[in-house]
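Peer 1: Quick one: sequence plus predicted model below, questions after.
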Amino acid sequence: MLHSVRNDDFIYVTFHVTKFGQFIRGSTMFDIKAIRDNPAEFDAAMKRRKLEAQSPKILELDEERRSVQTELQVIQAERNEKSKEIGTIKKSGGDAQGAMDAVSALKDKMATLEEKDKEIGEQLKTLLSSLPNIMKDDVPDGADEEDNVEIKKWGEPKNPNGANKAPEHYEIGEALGMMDFETAAKLSGSRFVLLSGPLARLERALAQFMLDTQTEKNGYIECSPPLLVNTDVMYGTGQLPKFQDDQFETTDGRWLVPTAEVVLTNIVREEVVEAETLPCRYTAFTPCFRKEAGSAGKDTRGMLRQHQFYKVEMVAVTKPEDSDAEHERMLKCAEGILEALEIPYRTVVLCSGDTGFGARKTYDIEAWMPGQNAYREISSCSTCGDFQARRMNARFKAKGDKNTQFVHTLNGSGLAVGRCLIAVMENYYDPTDGGVFVPEVLKPYMGGLEKIVKG
RNA sequence: GGACAGAUGGCAGAGCGGUUGAAUGCACCGGUCUUGAAAACCGGCAUGGGUGCGAGCCCAUCCAGGGUUCGAAUCCCUGUCUGUCCGCCA
C-alpha cells in the first residue's frame, strides 16, 4: 500500500510494509513532465520491457491530481488570506467572528479535496514505483539470455566441448573434505555451504585480493557498511516494492542486504553533493542474502546459487555526462580481476529481455567453468542513469550553479567471491591428485601455499 | 532497557500561536575599490509544485505522521534519529 503524504509532484510517499508500519520516502522514478511532454517515447521504452503503454493511465491520474490540487490551492489561498485578516482585526481589538466562521466553512471542502489528492497520489506512486528503468538505445533487443550479445572473449577455455570434462567444484571440494553441504544443511537448510581449512582461506584470499585491487589500483574507497538496512534504502535502489519476495526481512522491519550495491549506493541518498567531489567510487566486501524465490530447482547442486554468499561490490556515483565512461571503466575493473587470476571469460551485453529492473544497460562477465563446460555469470555491471537517484533523491550541484541535478549511479560486482572460488577450483584443478593450485596472485594471501591438497 | 535534552535553509544558529519562508553569521554568486589578490563596502542567494509568453502570482515545506486552532516552526500525541547520564552487553 502506498500513501502519498504531500500534494506536490515530488511525491513523498509512505509505503506501508504491512505489520511494521514502516515508511518509504522517495520521489517518483520518472520525470512526470517528460512523460507529459512525450508520452509516445515513454510508451516505446516500456514496450521494450514487454509492458503495454503506461502513459494513458499515468497521464489520466496526473491530470486528475493537478486539477484537484488547483482547486485545493484556491481554497487554501482564501483561508490564508482570511486568517491574516483575522489577525489584523484582533490586533486592533475588533470583532472577527464573522471572518472566523467563514474560514471554518471552508474546512469540509478542503478535507474532501485533500483526501482525494492523497488517494490519486497513492495510485500514481503505486503505478510508477513498479515500472522498470528506461533502457539505453544501444541495448540490443531480445527475449532472454539467449539473445545477449558477446562483445569480448579473453583467454583459452580448457576442455571446451567437454572432451575430458573436469569435475565440478563440489566434487573437487567434497573430495578434498573442505566443502560440506550436509553440515550446512543441518545448520541452516538448503543452499548453504560450510567451507573449511585452506579452501575457506582461499575464499578469504580471493576477497582480499579483489578488495586490494579495487582500492589500491582502481581508486575505490573501501567501506564496511551495515548489512541490515531500512525500507527506504531498499526502495531507493529498487529492491522494493516489486521484489520483496526475494528479500530477507527481519522481525523488526529491516532487511538483509541482497548486495552491497544497496548500502553503497544509498550513501548519497537525500544528499546534495558538490560536483567537484564526483565521481564517488565505493567498494565493499560483504555477505549477500537472497531468498532465490524464483529459482527453485535451478543450480541446486554446489555453491553456485546460495542464500548467502560473499561479494566485493563496486559502486560509482557520477555526473550524468560521465556515467557512460564510468560504466566502461567499471567493467574493466571487474574484468581485471579475472585476468589477474588468469581465468578465461567472456563479456556480454544483456539484451532488452534480460536487463534488470533498475538498469539502463548491463554488462555481464561470465567466467569459464570447466566442470560445467560453460561460461557462467560472475559479475554484472550496470548503469542506472538517474533511476535510483530519483528514488533516493540524490543530487549534485555545480559550484555557482543555482540548480541541482540528479546524479547517475552505477554498480558492478568486482567480483562475486563464491562463484570466483568455483572458477578457481575448476580452472586450477589438478587431475593427478585432485588438488587445486593456488593462482599466482593469491599466493601472498595464502601464506605462500602453492597448492590445496587433501590432508 | 531507564531518565533527561535536542532535530530550523549548503553549514552554524535565532525565533516558541498572527504579513516569519523564517533574524544573524559563515559559505557561495555579482559588483565597487585594487597593478593583481586579500580586506572593506554594496547587492543577491532554500526546495518542490501549480499557473502564465513573461515580470510575476499562488500552494506546500522549519525531522516524519497525526491532532488542537480562524491561523502552527511555535501547543498536544506518536514514531525516528542525535546528544548526555544510568543499567546491560560482544
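Peer 2: Structure received.
Peer 1: where do the strands sit along the stretch 151-300 of chain A?
Peer 2: For the stretch 151-300 of chain A, the strands defined by DSSP state E, counting those that start in this stretch occupy A:179-180, A:194-195, A:221-223, A:228-229, A:255-256, A:272-274, A:280-289.
Peer 1: In a markdown table: those strands, plus distance to residue A:341 and mean pLDDT.
Peer 2: Where C-beta positions appear, they are placed from N, C-alpha and C, glycine not excepted. A markdown table is the format used below for those (distance: least, CB to CB, whole Å; pLDDT from 0 to 100):
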| stretch | distance to residue A:341 | mean pLDDT |
| --- | --- | --- |
| strand A:179-180 | 19 | 97 |
| strand A:194-195 | 18 | 97 |
| strand A:221-223 | 20 | 94 |
| strand A:228-229 | 31 | 92 |
| strand A:255-256 | 29 | 94 |
| strand A:272-274 | 35 | 82 |
| strand A:280-289 | 16 | 96 |
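Peer 1: out of these, nearest to RNA strand B?
Peer 2: strand A:272-274 (5.3 Å; CB to the nearest atom of the strand).
Peer 1: and that closest one, which strands flank it?
Peer 2: Strand A:272-274 has the following strand partners under DSSP bridges: strand A:395-397 (parallel).
Peer 1: in the strand it pairs with, what's buried?
Peer 2: Applying a neighbour-count criterion of 16 or more other CB atoms under 10 Å, one finds A:395-396 buried in strand A:395-397.
Peer 1: Give me the distance from that strand to the chain's centre.
Peer 2: 20 Å (CA atoms, centre = their mean, to the nearest Å).
Peer 1: Please apply the same query to stretch A:238-248.
Peer 2: Chain-centre distance of stretch A:238-248: 10 Å, with CA atoms, centre = their mean.
Peer 1: same question, stretch A:70-83
Peer 2: On CA atoms, centre = their mean, the centre of stretch A:70-83 falls 42 Å from the chain's centre.
Peer 1: what about the stretch 151-300 of chain A, any weak spots by pLDDT?
Peer 2: Along the stretch 151-300 of chain A, segments meeting pLDDT under 70 span A:160-164.
Peer 1: As a check, name the ranges of all helices in it.
Peer 2: Using DSSP state H, counting those that start in this stretch, the helices of the stretch 151-300 of chain A run over A:169-176, A:181-187, A:197-212, A:231-236, A:260-265.
Peer 1: Out of those, flag the one nearest RNA strand B.
Peer 2: Closest to RNA strand B of the helices of the stretch 151-300 of chain A, according to CB to the nearest atom of the strand: helix A:231-236, at 9.8 Å.
Peer 1: which helices and strands sit right next to the closest one?
Peer 2: When contacts are defined as 3 or more CB pairs under 8 Å, 6 or more residues apart in numbering; DSSP states H and E, helix A:231-236 sits against strand A:255-256, helix A:260-265, helix A:387-392.
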